[in-house]
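Student: Just need the structure, nothing else, for what follows:
(one chain, ligands or ions: 2)
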Amino acid sequence: MQGSCCCGAVKFELTAPPSMMGTCHCSRCRKVGAGSLVFVKKDDIKWISGRDQIATYEPSPPYKYARCFCKVCGTSLGEILSDENSFPINAHVLDEDPGVRNQFHEFVAEKPAWYDICDDAKQFEAHPVQA
Ligand SMILES: [Zn+2]
Ligand SMILES: [Zn+2]
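Tutor: Ligands and ions are numbered 1, 2, ... in the order given. Model prediction:
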């Protein structure tokens, strides 16, 4: 399965499908054009091109997640350069159906009034908590 940014500078391949999908409604994801995220493993990303075209927006406390994006076209790439073993990237960068479907909504408390949730996935006011 391949992933790419809007202009095509950034291209990679996933050697295994993402493990799950979730949708974040927080104000930061909204501003960077994120939202639906899929969780991938670092070892499953094979770079084809453009890794050096990715810039990172570093968070200031209390936020702790960096945001990667294509320096050319601005496509939001999630935490694709993270050092963690597993991390979220934006579902919209995948060029094929990842198979997984949305399993939860987080930061529903920050959801804008103009966005209606139209699926039955579990909703969390902020970060998901274990039941
Ligand atoms: Zn691009
Ligand atoms: Zn968010």
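Student: so where is this structure shaky, pLDDT-wise?
Tutor: Along the chain, segments meeting pLDDT under 70 span 130-131.
Student: Show me what from it comes close to ligand 2.
Tutor: The chain has residues Cys24, Cys26, Cys29 near ligand 2, with proximity defined as C-beta under 5 Å from the ion. (Each C-beta comes from the backbone N, C-alpha and C, glycine too.)
Student: and Asn15, how many residues sit next to it?
Tutor: Heads up, residue 15 is Thr, not Asn. Thr15: 12 surrounding residues under other C-beta atoms under 10 Å.
Student: Next one: it from ligand 1, what distance?
Tutor: 22 Å (C-beta to the ion, to the nearest Å).
Student: Surely that residue and Trp47 touch.
Tutor: No: checked against C-beta atoms under 8 Å, the pair Thr15 and Trp47 is beyond contact range at 11.5 Å.
Student: Now do Asp120: how many residues are near it, please.
Tutor: By other C-beta under 10 Å, the residues close to Asp120 number 7.
Student: From Phe104, how far out is it?
Tutor: Shown here: Asp120 relative to Phe104, a distance of 11 Å by C-beta to C-beta, to the nearest Å.
Student: From the structure, what's the count of residues near the closest residue to Pro98 other than its chain neighbours?
Tutor: Spatial nearest neighbour of Pro98, excluding adjacent residues (C-beta to C-beta, 6 or more residues apart in numbering): Pro18 at 4.9 Å. Residues lying near Pro18 (other C-beta under 10 Å) number 21.
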